[in-house]
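Asks: Give me the fold of what follows.
(2 chains)
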Amino acid sequence: MGGLQSEARAGRRRSWILRHSAIVRVTHWINFLCLAVLLMSGLQIFNAHSALYWGQASDFPHPLLAMDARPDQQGALRGVTTVLGHDFDTTGVLGLSYVPGFGERERGFPAWATLPGMQWLAMGRRWHFFFAWIFIINGLVYLTSGLASGHFRRDLLPTGEQLRHIGGAIWDHLRLRFPKGEEARRYNVLQKLAYLAVVFLILPAIALAGMTMSPNLDSIAPQLVILFGGRQSARTIHFLLAAALVTFFLVHVLMVLLSGVWNNMRSMTSGWYRIEHTEDVDDRTT
Amino acid sequence: MTERLDRRGFGLRLTAGLASLLLSGCGDEVSERPWVRHLLDKAEDLNYWLQRQLLPHHALAREYDEADLSPQFRANGSTDPEDEDYRRLAANDFADWGLEVGGLVERPQRFSLADLRTLPSRTQITRHDCVEGWSCIGKWTGTPLAALLQRVGVRPEARFVMFHCADTISVDRYYESIGLGDAFHPQTILAYDMNGAPLSVAHGAPLRVRVERQLGYKMAKYVMAIELVESFSHIGRGHGGFWEDRGYEWYAGI
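Replies: Below you'll find the model as predicted:
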């Protein structure tokens, strides 16, 4: 109780809430592990043919995105990334990069971003398909429990009032002002929309786009190929959705850091989240 | 409070541990450990089981239109075999070539190209998916493998169809194998024509396998002999194919 008293003397009051259920915490970290392995092994697989196309088949002269190494005017190799016909020099990272033990190598993504680090497609596929299963099973556990417990409806569905004030929420976020007190008990509207998009849109779509690349599944579910506009489109969409997830991850980590790293990390491991009550709330309750 | 403090860094420690596991080089070391490999293989077993048990065996791969044909169909793996026997056959436009069909069959037989062309044929425009990630659409004409197998008679103990090829990559002869289910699939053909012309050397002249619904490396080129076997553990390094011996899946449906 000593802690509470000293906190009260400083003119503030804290309370603790159990923010995340055990199942959310466990599936969150398993999902993080899966996505990390899937991303890195996915980049390994991408490197086996570091170009993306649209449609059923590969139009080799016209990739949407391509990474390769080409000699410059002096004959030195440069890494070149081509996006929609525009070339960018990405030497050292994309197209041409240093592989420990092998030297400068022509490869799409660099060794530090791929699993395994060296060019090893067969092993990249093993990692990818193993963790794809863990990801699917973990995701189904999360979805089933979220639906059964009312977690999605209660915690992720924005209220009408939240949606009406979305402009204010965006403005607050831009000024890095995060909800305090009672408002901090629930997710803000931008959080809710981001989580809903990841859980119900990006993750299911990336799994389906991945499955569309399987020639065997295509023979059984031709609708998948139609849905994604072709096998090469599916590969491109799979890649773009992975890029969207990386973007989400970066923003997510930034928000965790800015809105109280220890409080957030504690709530996603032990479940406990600390609410800082503002002074006027303090006056009302004491 | 102390319990909370102890838990406080757990997430970060977990993150740091995973990051160090994954970061450069470590991935290679971990990938080389046999137990990791065996564990990861479990998913491959599951994928194979699901594909064979739960999915219909005779679903057809999509067939496309002439308009969909790829203007540039990439040739991968061997594109111009240097093997002397093959060179000799190619120099004579494969007039001396013959497909030996043997192993666990009732009537071993040799088929010339002319023989194959008199057998029933099937033409299909299909998408070829390489394990590397690219796809090309081509038109293939050839003898359904089922028709050939019916002619020689498959003995009951046979379980796999092996394709022995003429090309050597680095030090090993190319070879492949498929199960009887795929061998009797209507779209599994021994193709001698591609896009309306005899198969070019780059694409496997005089004969290549088409196993639609699987990846390109299953579709062996430069086929010289077909052998029906009960097991392929004594052939090559025992995994059923050139790329399978190098860690790729035997059932290449994904």
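Asks: SS state for A:Gly139?
Replies: helix (DSSP: H, G, I helix; E, B strand; the rest coil).
Asks: Where does B:Ser78 sit, in terms of helix or strand?
Replies: Element membership for B:Ser78 (DSSP states H and E) is empty, with no helix or strand holding it.
Asks: How about it, nearest residue that isn't a chain neighbour?
Replies: Distance criterion C-beta to C-beta, 6 or more residues apart in numbering or on different chains; nearest residue to B:Ser78, sequence neighbours excluded, is B:Asp167 at 3.8 Å. Where you see a C-beta, it was placed from the backbone N, CA and C, and this is true even at glycine.
Asks: quick check, the one you found in a helix?
Replies: No. Counting by three-state DSSP, B:Asp167 is located in no helix; its state is strand.
Asks: so who does it touch?
Replies: Contact partners of B:Asp167, counting by C-beta atoms under 8 Å, 6 or more residues apart in numbering or on different chains, are B:77-78, B:81, B:83, B:86, B:173-174, B:221-222.
Asks: So, low pLDDT: which residues of the stretch 1-150 of chain A?
Replies: A:1-12 (pLDDT under 70).
Asks: And the helices in it?
Replies: Under the criterion DSSP state H, counting those that start in this stretch, the stretch 1-150 of chain A contains helices at A:2-9, A:22-47, A:121-149.
Asks: most tightly surrounded among these?
Replies: With neighbours defined as mean count of other C-beta atoms under 10 Å in any protein chain shown, the helices of the stretch 1-150 of chain A peak in mean count at helix A:22-47, which reaches a mean of 20.
Asks: Output the contacting helices and strands for it.
Replies: Secondary-structure packing of helix A:22-47 (3 or more C-beta pairs under 8 Å, 6 or more residues apart in numbering or on different chains; DSSP states H and E): helix A:121-149, helix A:231-258, helix A:261-269, helix B:10-22.
Asks: and the next helix or strand after the first one, how far from the chain's centre?
Replies: Elements were assigned by DSSP H and E; along the chain past helix A:121-149, the next helix or strand is helix A:151. Its chain's C-alpha centre lies 21 Å from the corresponding centre of helix A:151 when counted by C-alpha atoms, centre = their mean, to the nearest Å.
Asks: Following helix A:151 in sequence, what is the next regular element?
Replies: Next along the chain from helix A:151, counting by DSSP H and E, comes helix A:160-164.
Asks: what does the stretch 51-200 of chain A put close to chain B?
Replies: Where the stretch 51-200 of chain A comes near chain B, counting by C-beta under 8 Å from any C-beta of the partner chain, the residues are A:51, A:53, A:56-61, A:100, A:111-112, A:114-118, A:120-123, A:125-127, A:129-130, A:132-133.
Asks: Now whichever residue of the stretch 101-250 of chain B sits closest to chain A: phi and psi?
Replies: Per C-beta to the nearest C-beta, B:Gly247 is where the stretch 101-250 of chain B lies closest to chain A, at 3.4 Å. B:Gly247 adopts backbone torsions of phi 100, psi 0, taken as degrees, to the nearest 10.
Asks: nearest spatial neighbour of it, skipping sequence neighbours?
Replies: Leaving out its chain neighbours, the residue that sits closest to B:Gly247 by C-beta to C-beta, 6+ apart is A:Ala122, at 3.4 Å.
Asks: burial of the residue lying closest to A:Leu121 once chain neighbours are set aside, as a residue count?
Replies: What sits nearest to A:Leu121 in space, not counting adjacent residues and going by C-beta to C-beta, 6+ apart, is A:Ala48, at 4.5 Å. Other residues lying near A:Ala48 total 19 when counted by other C-beta atoms under 10 Å in any protein chain shown.
Asks: ok, now how distant is A:Ala209 from A:Gly150?
Replies: From A:Ala209 across to A:Gly150, the span is 30 Å (C-beta to C-beta, to the nearest Å).
Asks: neighbour-wise, which of these two wins?
Replies: Comparing A:Ala209 with A:Gly150 by other C-beta under 10 Å, the one with more neighbours is A:Ala209, at 23 against 10.
Asks: what's that one in contact with, if anything?
Replies: By C-beta under 8 Å, 6+ apart, the residues touching A:Ala209 are A:228, A:234-235, A:237-238, A:241.
Asks: ok, and of those residues, which contact chain B?
Replies: Counting by C-beta under 8 Å from any C-beta, A:Arg235 from the contacts of A:Ala209 sit close to chain B.
Asks: What's the PyMOL syntax to select whichever of the contacts of A:Ala209 are buried?
Replies: Applying 16 or more other C-beta atoms under 10 Å in any protein chain shown to these leaves a buried subset, and the PyMOL line that selects it is:
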select buried, chain A and resi 228+234+235+237+238+241
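Asks: right, so of the helices and strands packed on helix A:22-47, which gets closest to B:His128?
Replies: helix A:231-258 (10.5 Å; C-beta to C-beta).
Asks: So which elements touch the closest one?
Replies: Helices and strands touching helix A:231-258, by 3+ C-beta pairs under 8 Å, 6+ apart, are helix A:22-47, strand A:51-52, helix A:189-197, helix A:203-212, helix A:222-228.
Asks: ok, now how distant is A:Arg266 from chain B?
Replies: 5 Å (C-beta to the nearest C-beta, to the nearest Å).
Asks: Hmm, A:Val256 and that residue touching each other?
Replies: No. Contact criterion C-beta atoms under 8 Å: A:Arg266 and A:Val256 do not qualify, at 11.2 Å.
Asks: Between the two, point out the one with more neighbours.
Replies: Counted by other C-beta under 10 Å, A:Arg266 and A:Val256 do not tie: A:Arg266 has more neighbours, with 23 against 16.
Asks: so what pLDDT did the more buried one get?
Replies: Looking at A:Arg266, its pLDDT is 94.
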